[in-house]
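Chemist: Kindly generate the corresponding structure for this input.
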Amino acid sequence: MEQVMITSINKQELIDIIENSLAKLLNNSKPDIAISKLEKPIGVHEVVAILRLSKASIYRLCSNLDIPHFKRGNRLYFYESKILNWVNNGRKLTKGEIDQIAENYK
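Modeler: Numbers count the residues shown, from 1 in each chain. Next comes the predicted model:
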């Protein structure tokens, strides 16, 4: 059962709370649709240049569904921001970062 809290706040305070909540929500949401509208897709050659991998490696990653991509007909398309996020998600923590997490866990 939820707790109900009654408080006396004025109209402007309520507006500020709602605006702050919406701003947090919008900043934390995944802007996939917004990215696709602002960013132009790139091809395999550009991804090869960004990742410094061979075309065959890019095709293999796509075939294994390891890398974010789109396919229309026989062509593969990518968004540079999604490729960079994919690379960053594979980042390994340093020993110092692991030690810090362990300290915070205690």
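Chemist: all strands of this protein, in order?
Modeler: With DSSP state E as the criterion, the chain has strands at 70-72, 75-77.
Chemist: pLDDT weak spots in the protein?
Modeler: 1, 28-37 (pLDDT under 70).
Chemist: same thing but 80
Modeler: 1-7, 14, 22-38, 106 (pLDDT under 80).
Chemist: Most tightly packed of the strands of the chain?
Modeler: Greatest average neighbour count among those goes to strand 75-77 (a mean of 14), per mean count of other Cβ atoms under 10 Å. The way it works is simple: take the backbone N, C-alpha and C, and place the C-beta from them, glycine included.
Chemist: one step back: got the strands of the chain as a markdown table, with distance to W86 columns?
Modeler: As requested, the strands of the chain are exported to a markdown table (distance: least, Cβ to Cβ, whole Å):
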| stretch | distance to W86 |
| --- | --- |
| strand 70-72 | 13 |
| strand 75-77 | 14 |
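Chemist: Please identify which of those strands is closest to S57.
Modeler: Among the strands of the chain, strand 75-77 comes nearest to S57, with 12.8 Å by Cβ to Cβ.
Chemist: other SSEs contacting that closest one?
Modeler: helix 55-63, strand 70-72 (3 or more Cβ pairs under 8 Å, 6 or more residues apart in numbering; DSSP states H and E).
Chemist: Parallel or antiparallel, list what pairs with the shortest one.
Modeler: Spelled out, that is strand 70-72. strand 75-77 (antiparallel) (DSSP bridges).
Chemist: Not counting the partner strand itself, show me its contacts.
Modeler: Contact partners of strand 75-77, identified using Cβ atoms under 8 Å, 6 or more residues apart in numbering, comprise 41-44, 58-59, 62, 69-71.
Chemist: Pull the most distant pair out of these.
Modeler: Checking these with Cβ to Cβ, the most distant pair is P41 and Y59, at 16.6 Å.
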